[in-house]
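S.K.: Give the three-dimensional model of this entry:
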Amino acid sequence: MDFRNIRLLGNVLLIIGLCLICPVKSAYADSYNTILLSDNSKFYSIAADLAYFEDASDRLTINEITSKEIQSRFVNDGGAARNFGTTISSYWFRIMLKNTEGSPATWWLEVKDPLLDRVGVFYINEKDELKSRMYGDHYPLDSRDIKTRNPVMSLDFLPNETLDVYINIKTYGVVHAPIFLWKPQAYPKQASDLQIRYGIYYGIIAALLIYNMMIFFSVRDPSYFYYCLFITVYAFCRFCYNGFSYQYLWPNNGHYNLVAVFIASQLYVVCMLQFTRHFMRIPKLFPRLNKFMIFAISMVFVPMIIFFFFNKGTGVRANAFYLGSTILLVLSVGIFALYKNIEEARYFMLAWVALLVGMFMFQLMMFGILPAKSFVLYGQQIGSAMEAILLSFALAHRMRLLTEENERMQKESNENLEKHVNERTNELNEAMQKLSAANQLLKENNFNDGLTGVRNRLYFDEHCSKEWLRCRREISPITLLMVDIDHFKSINDNHGHLCGDYALRFIADILQDNVRRPGDVVARYGGEEFVVIMPNTTSAGGSVIAENIRLALENKAFEFHDDLIKLTVSIGCATDYPAKTDRSPNNLIDAADSAMYSAKREGRNQVKIA
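M.R.: As a prediction, this is how the structure comes out:
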């Protein structure tokens, strides 16, 4: 694990630890702050001055809340925003507002959370007159005097008048009270600026979605598919959280918000886990961890069953626990991947750090440590946009790594293939050489006489025709000797056929000893007859070779079973000039054969010239 990974891992753990730290201030009772309203200010954040009371039964009325017994139980701990998590209780908040101007004034009170189910605003003037208004996404948008995403109520002040304001909040989701006061002329401008910021945010998400969806259709990588689902579902979650779904999709059916947010958050978890599995190559690199993540995905049905079939509030809390657990799981997977030096983990963890920083700043604002500036108030949107951008970069970086790995594997594959092809080619060449040698040997065997080792009749017929044509081209003579063993039958009769075989081999050896030129060929013609082809040889030269053969046999004998056996031959010699005649090789053979029979008739053991 290198230094960069260690440093990044340390930063991640630091941010996670800070997110878990919740600064707590001591509470005190019977203390109500009064906000002095001046025309010199256009905006007040009054959450830090709110006193609150928990109504566990959710049955108390405004008359009971204003009783002395309940008033003594209100608490003000100085928090910048009241955040009580998911609870079945309703909460009452109280604040004193005083118009310090000598003229009537109007202020708009905004509860900056569009997902609150029920928001009751009650205020009592100095004449003890009570006025009230009900807001929340369980009430139609048309019922509001000021039709905005967030509950907004107009408060009218007489000169120097003080209003005692009570706000009752009940919701299935997170109970908190980010409450602000606006001058009517200032509110539209900040709402318009906010719409622009939201437009930029959703524009970034849409651009990333379109860009990565096009890449997915091009490369078909599942990581891109789950990334597109991930940011789409998260953007829809933000769309609902920001109140746009209530404002534009179902303004008269706000209870759809709870169901939409619940289902979207479930899909968000599934897509987040699936994206993490595929992006970090968990199934390939860490099979056991992959099984655990699949189990975590299957657990999505537990809060869903609780929400739809048992109790919605319990289902929301179970879903919040499930969402938090899976985020910790994803962070743990990222940290583990960093530890294992997985290249993709760096961008992945940077993306999650960006989201955590946004959430962390928002939490610090909630507890009054950071001011409610735009970059703090909308830190989660900024963080999620940065997360989406960094994850897109991470996908591009991963694609580059995969491309380089594929190129490396392709190069290795090509090298291995080339090596394999060369090996196979060498093996094939070697096999072809062996086959060629075997064919040559087979051909030699087909052209050789099995008994004597000289060429056979098949070879003689083919070779004689070739030499005839060559001598015709070269205008040279060709001589043919026809050799026949004298009294060969008597050898077989007196000594047996085995002796006859020895005699044939003996004759063949004598012929080869006397016919030594490369172009001259000795062949067995049939039975006890042999032929000698001598291209570029005149009749005189042929007769000399023939006589040498005859004398060699006459002066030499072979031994068989302690018997010395002498042989003689009758030789016919014929010469022709192929370029000067229309005759064929058969005419040359006939002439030599006739001369050989002439030698036999005249007493054998002699050479006759045709």
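
S.K.: Can you get me a residue count around the residue lying closest to Thr537 once chain neighbours are set aside?
M.R.: For Thr537, ignoring the flanking residues on the chain, the nearest one in space by C-beta to C-beta, 6 or more residues apart in numbering is Thr479 at 4.2 Å. For every residue, glycine as well, the C-beta is placed using N, CA and C. Neighbours of Thr479 under the rule other C-beta atoms under 10 Å: 27.

S.K.: In a strand, Thr479, correct?
M.R.: Yes - using DSSP: H, G, I helix; E, B strand; the rest coil, the secondary structure at Thr479 is a strand.

S.K.: Mind listing the residues bridging to it?
M.R.: Met534, Thr575 (DSSP bridges).

S.K.: quick one: average confidence on stretch 87-98?
M.R.: Here stretch 87-98 scores 87 as its mean pLDDT.

S.K.: just checking, the residue nearest to Thr537 touches Ser539?
M.R.: Yes - Thr479 is within contact range of Ser539, at 6.5 Å (criterion: C-beta atoms under 8 Å).

S.K.: Going by residue numbers, what spans are strands in the stretch 501-610 of the chain?
M.R.: Secondary structure of the stretch 501-610 of the chain (DSSP state E, counting those that start in this stretch): strands located at 521-526, 529-535, 557-560, 563-566, 569-576, 607-609.

S.K.: Output these as JSON lines; include the columns mean neighbour count and distance to Arg472.
M.R.: Conversion of the strands of the stretch 501-610 of the chain to JSON lines gives the following (neighbours: other C-beta atoms under 10 Å; distance: least, C-beta to C-beta, whole Å):
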{"stretch": "strand 521-526", "mean neighbour count": "22", "distance to Arg472": "18"}
{"stretch": "strand 529-535", "mean neighbour count": "24", "distance to Arg472": "11"}
{"stretch": "strand 557-560", "mean neighbour count": "15", "distance to Arg472": "40"}
{"stretch": "strand 563-566", "mean neighbour count": "11", "distance to Arg472": "41"}
{"stretch": "strand 569-576", "mean neighbour count": "25", "distance to Arg472": "10"}
{"stretch": "strand 607-609", "mean neighbour count": "22", "distance to Arg472": "22"}
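
S.K.: Local confidence estimate at the residue nearest to Thr537?
M.R.: 95.

S.K.: What are the buried residues along stretch 457-475?
M.R.: Within stretch 457-475, the residues scored as buried using 16 or more other C-beta atoms under 10 Å are 459-460, 463-464, 467-468, 471.

S.K.: which one of those residues sits closest to Lys489?
M.R.: The closest of those to Lys489 turns out to be Phe460 (C-beta to C-beta; 23.2 Å).

S.K.: The closest one contacts Tyr525, correct?
M.R.: Yes - contact criterion C-beta under 8 Å: Phe460 and Tyr525 qualify, at 6.6 Å.

S.K.: Need the overlap of contacts for these two.
M.R.: Listed as contacting both Phe460 and Tyr525 by C-beta atoms under 8 Å, 6 or more residues apart in numbering are Val531.

S.K.: show me what contacts Tyr91?
M.R.: Contacts of Tyr91 (C-beta under 8 Å, 6+ apart): 52-55, 82, 84, 168-170, 175, 177.

S.K.: Now do the SS call for it.
M.R.: Applying three-state DSSP: Tyr91 is strand.

S.K.: And for the one 5 residues further on?
M.R.: At Met96, secondary structure determined by three-state DSSP is strand.

S.K.: Count the neighbours of the closest residue to Asp117 other than its chain neighbours for me.
M.R.: Nearest in space to Asp117, with sequence neighbours left out and distances taken as C-beta to C-beta, 6+ apart, is Thr171 at 4.2 Å. By the measure other C-beta under 10 Å, the count of residues near Thr171 is 23.

S.K.: tell me the pLDDT at Thr171?
M.R.: pLDDT at Thr171 comes out at 81.

S.K.: any idea how far Ala318 is from it?
M.R.: Note on Thr171: its distance to Ala318, by C-beta to C-beta, to the nearest Å, is 16 Å.

S.K.: cool, Arg550 as well?
M.R.: Distance from Arg550 to Ala318, by C-beta to C-beta: 120 Å.

S.K.: Can you classify the closest residue to His255 other than its chain neighbours by secondary structure?
M.R.: Closest residue to His255 apart from its sequence neighbours, by C-beta to C-beta, 6+ apart: His138 at 5.8 Å. Put simply, His138 is coil when judged by three-state DSSP.

S.K.: Got phi/psi on His138?
M.R.: With angles defined as degrees, to the nearest 10, His138 sits at phi -90, psi 0.

S.K.: cool, and Asn212?
M.R.: Backbone torsions for Asn212, taken as degrees, to the nearest 10, come to phi -70, psi -30.

S.K.: Just want the most central residue of this structure.
M.R.: Asp221 (6.2 Å; C-alpha atoms, centre = their mean).

S.K.: Need the pLDDT of that residue.
M.R.: Model confidence at Asp221, given as pLDDT, is 75.

S.K.: got it, and Asn290?
M.R.: 87.

S.K.: What is the neighbour count of it?
M.R.: For Asn290, the count of nearby residues is 16 (other C-beta under 10 Å).

S.K.: Then Gly243?
M.R.: Gly243: 22 neighbours (other C-beta under 10 Å).

S.K.: From what I see, it and Arg149 are in contact.
M.R.: Yes - proximity of Gly243 to Arg149 meets the contact threshold set by C-beta under 8 Å, at 3.2 Å.

S.K.: can you list residues touching both of those two?
M.R.: Pro114.

S.K.: what's the distance between the residue nearest to the centre of the chain and Arg472?
M.R.: 77 Å.

S.K.: can you check Ile305 too?
M.R.: In terms of C-beta to C-beta, Ile305 sits 105 Å off from Arg472.

S.K.: Do me a favour and average the pLDDT over stretch 512-528.
M.R.: 89.

S.K.: how about the CA coordinates for that stretch, as CSV?
M.R.: C-alpha atoms of stretch 512-528 as CSV (Å, rounded to 0.1, in the frame of the first residue of the first chain):
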residue,chain,number,x,y,z
GLN,A,512,27.1,-51.2,-60.6
ASP,A,513,30.9,-51.6,-60.1
ASN,A,514,31.4,-51.1,-63.8
VAL,A,515,28.8,-48.4,-64.5
ARG,A,516,30.0,-45.4,-62.5
ARG,A,517,29.0,-42.2,-64.3
PRO,A,518,26.2,-40.2,-62.6
GLY,A,519,24.0,-40.3,-65.6
ASP,A,520,24.3,-44.0,-66.2
VAL,A,521,21.6,-46.3,-64.7
VAL,A,522,21.5,-50.0,-64.0
ALA,A,523,18.0,-51.6,-63.8
ARG,A,524,16.6,-55.1,-63.6
TYR,A,525,14.5,-55.5,-66.7
GLY,A,526,12.8,-58.8,-65.7
GLY,A,527,13.7,-62.3,-64.6
GLU,A,528,17.5,-62.7,-65.2
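
S.K.: Perfect, I'm done here.
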